[in-house]
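> coordinates only, sequence not included:
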Ligand SMILES: Cc1ncc(COP(=O)(O)O)c(C=O)c1O
């Protein structure tokens with residue numbers, strides 16, 4: 001291979017990346033660790049398609065893990081971002097777009113009285129946790145096994161040996177001290193959470209949950225589970241933090257809570273948002289009732305800050321994206337999610353590959369397991385080798401799936417009937433590969 005040829009492959013860039021960036025990636029799931037092989041180095045996206053440095057085009061079912069809800073390089077988003085960036089990348093001072101975006105979030109999520117912008121979902125959740133502890137003068141945060149809320153120390157915690165236990169660090173560098181005030185509970189386990197509150201309710205600052213867990217594959221809450229969490233929090237004086245970083249403005253115009261409130265009456269004290277609200281730029285938010293949110297500096301004493309928080313370009317992208325997130329878009333996302341899920345599921349069924357297609361609104365994933373999955377424990381029965389074989393066959397046929405069996409798949413408003421045909425045809429071949437692969 002000549003130097004000119006070698007420079008146009010993902011392999012070339014990955015070799016080079018490995019020498020300077022740990023694992024060659026800026027975020028671990030991109031590394032293909034669980035499926036093997038070399039990550040694709042993408043250089044362009046148009047609508048539903050992404051193009052790698054080698055010149056291959058793929059139907060994209062990753063969508064940057066959620067933000068690309070209207071498709072790549074949507075002309076209106078590009079126009080608004082270009083207009084904004086031409087005027088400056090950042091002022092480090094307030095701007096009109098922040099106000100407009102905060103108002104738009106409030107318009108869509110009626111329980112939101114105040115919004116504070118940050119640059120990542122991790123920061124949003126970290127701030128929500130700090131606020132909850134300050135508001136209640138309590139320490140304990142309850143989280144669920146398999147729910148991911150970013151990489152703040154107190155949340156990189158795994159369950160100990162009991163059903164309900166104080167957390168243990170699940171990353172070197174997190175100290176027992178940082179983990180010990182987090183209690184980890186199995187997801188969808190009504191008895192576990194109820195008995196935890198009965199024993200220690202007056203020590204709990206907050207319950208933190210993904211609105212629909214989608215970081216262990218999609219594991220929807222059992223009917224009434226979020227309502228139970230909210231009611232327990234209310235009864236014992238704890239706060240209920242609903243993490244809608246993934247679901248917010250994706251599963252409906254206002255996220256999961258907006259969907260749920262049609263039939264259930266509960267309201268989180270705090271929400272966290274990210275992904276869609278930045279339209280592909282680094283932007284996230286903590287939001288909720290004024291009483292708690294106004295504990296934030298400079299009104300209150302809870303410190304939180306960010307050089308690039310509420311950045312004008314990111315908020316321009318977020319505003320343009322949310323303006324495109326109308327009724328028609330959500331109808332399209334719902335339809336495309338069903339079409340993709342069913343095409344893949346049908347192909348696997350024909351080949352006799354055991355699997356389970358699970359939805360949480362238009363978020364979905366396919367577990368390579370014969371059983372329904374209601375908790376992280378139940379994700380462990382998957383055949384990961386079959387997933388890896390399926391994944392690589394799809395990739396080689398021009399369909400880019402999340403490179404892990406534990407991730408949700410994302411459709412966008414830009415996916416077309418032609419994309420569905422490509423996915424269906426590729427799935428038929430990939431299902432043969434999965435059937436042929438044995439663990
Ligand atoms: C539910 C949830 N919360 C928080 C985060 C962290 O967000 P970020 O990656 O922007 O820090 C994620 C990221 O995937 C998420 O899915």
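Cool, the structure landed. Everything quoted here is computed from the prediction, not taken from an experiment.
> burial check on residue 86, number of neighbours?
9 (other Cβ atoms under 10 Å). For the C-beta atoms, the positions are set from N, CA and C on the backbone; glycine is no exception.
> nope, residue 191 is what I was after
Residue 191 sits with 10 neighbouring residues when counted by other Cβ under 10 Å.
> for it, helix, strand, or coil?
Secondary structure, DSSP: H, G, I helix; E, B strand; the rest coil: residue 191 is helix.
> wondering if stretch 180-194 reaches the ligand at all.
No - Stretch 180-194 lies out of reach of the ligand by Cβ under 6 Å from any ligand atom, never closer than 12.8 Å.
> and this protein, which residues reach the ligand?
So the chain meets the ligand at 65, 120-122, 125, 148-150, 210, 215, 243, 245-246, 274, 284 (Cβ under 6 Å from any ligand atom).
> tell me the pLDDT of residue 264.
pLDDT, residue 264: 86.
> following element in sequence after the lengthiest strand in the chain, please.
The longest strand of the chain (DSSP state E) is strand 204-210. Using DSSP states H and E, the helix or strand that follows strand 204-210 in sequence is helix 225-236.
> run through the neighbouring helices and strands of that following helix.
helix 190-200, strand 204-210, strand 239-243, helix 256-260 (3 or more Cβ pairs under 8 Å, 6 or more residues apart in numbering; DSSP states H and E).
> and the closest residue to residue 182 other than its chain neighbours, how many neighbours?
Closest residue to residue 182 apart from its sequence neighbours, by Cβ to Cβ, 6 or more residues apart in numbering: residue 167 at 3.9 Å. Neighbours of residue 167 under the rule other Cβ under 10 Å: 25.
> surely residue 167 and residue 178 touch.
No - assessed by Cβ atoms under 8 Å, residue 167 is found out of contact with residue 178, at 9.0 Å.
> okay, now residue 28: neighbour count?
Residue 28: 12 neighbours (other Cβ under 10 Å).
> now do it against the ligand, distance only.
From residue 28 across to the ligand, the span is 11 Å (Cβ to the nearest ligand atom, to the nearest Å).
> same question for residue 138.
Residue 138 is 22 Å from the ligand, by Cβ to the nearest ligand atom.
> low-confidence ranges in the stretch 101-250 of the chain?
Where the stretch 101-250 of the chain drops to pLDDT under 70, the residues are 159-166.
> quick one: contacts for the residue lying closest to residue 157 once chain neighbours are set aside?
The shortest distance from residue 157 to any non-neighbouring residue, by Cβ to Cβ, 6+ apart, is to residue 167 (3.2 Å). Residues near residue 167 by Cβ atoms under 8 Å, 6 or more residues apart in numbering: 143, 157, 158, 159, 160, 179, 180, 181, 182, 183, 184.
> from these, which land in helices?
residue 179 (DSSP state H).
> quick check on the contacts of residue 167: which are buried?
143, 157, 159, 179, 180, 181, 182, 183, 184 (16 or more other Cβ atoms under 10 Å).
> farthest-apart pair in those, please.
The span of the buried ones among the contacts of residue 167, defined through Cβ to Cβ, is set by 159 and 181 at 14.4 Å.
> which residue is nearest the centroid of the chain?
Closest to where the C-alpha atoms of the chain average out (Cα atoms, centre = their mean) is residue 246, at 3.4 Å.
> what's the neighbour count on the residue nearest to residue 197 when sequence neighbours are not counted?
Distance criterion Cβ to Cβ, 6+ apart; nearest residue to residue 197, sequence neighbours excluded, is residue 232 at 4.8 Å. The number of residues packed near residue 232 is 20, by other Cβ under 10 Å.
> please apply the same query to residue 356.
19.
> isn't it right up against residue 364?
No - applying Cβ under 8 Å as the test, residue 356 and residue 364 come out as separate, 10.7 Å apart.
> what do the two both touch?
Contacts common to residue 356 and residue 364, judged by Cβ under 8 Å, 6+ apart, are absent.
> for residue 408, what are its contacts?
By Cβ under 8 Å, 6+ apart, the neighbours of residue 408 are 214, 215, 217, 218, 246, 360, 363, 364, 365, 402.
> make CSV out of those residues and add distance to residue 331.
Shown next, in CSV, are the contacts of residue 408 (distance: Cβ to Cβ, whole Å):
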residue, distance to residue 331
214, 21
215, 26
217, 25
218, 20
246, 20
360, 17
363, 16
364, 16
365, 21
402, 24
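> of those residues, which pair is most distant in space?
360 and 402, at 15.0 Å, using Cβ to Cβ across these.
> tell me which of the two has more neighbours.
residue 360 (25 against 19).
> mind checking pLDDT for the more buried one?
In this prediction residue 360 is given a pLDDT of 96.
> tell me the contacts of it?
Applying Cβ under 8 Å, 6+ apart, the residues contacting residue 360 are 212, 213, 214, 218, 219, 220, 247, 251, 256, 408.
> picking that back up, ok, the residue nearest to the centre of the chain to residue 267 distance?
20 Å (Cβ to Cβ, to the nearest Å).
> cool, residue 249 as well?
18 Å.
> my understanding was that residue 301 contacts residue 295; is that so?
Yes - counting by Cβ under 8 Å, residue 295 is a contact partner of residue 301 at 7.0 Å.
> which residues do these two both contact?
Common neighbours of residue 301 and residue 295 (Cβ under 8 Å, 6+ apart) are residue 134.
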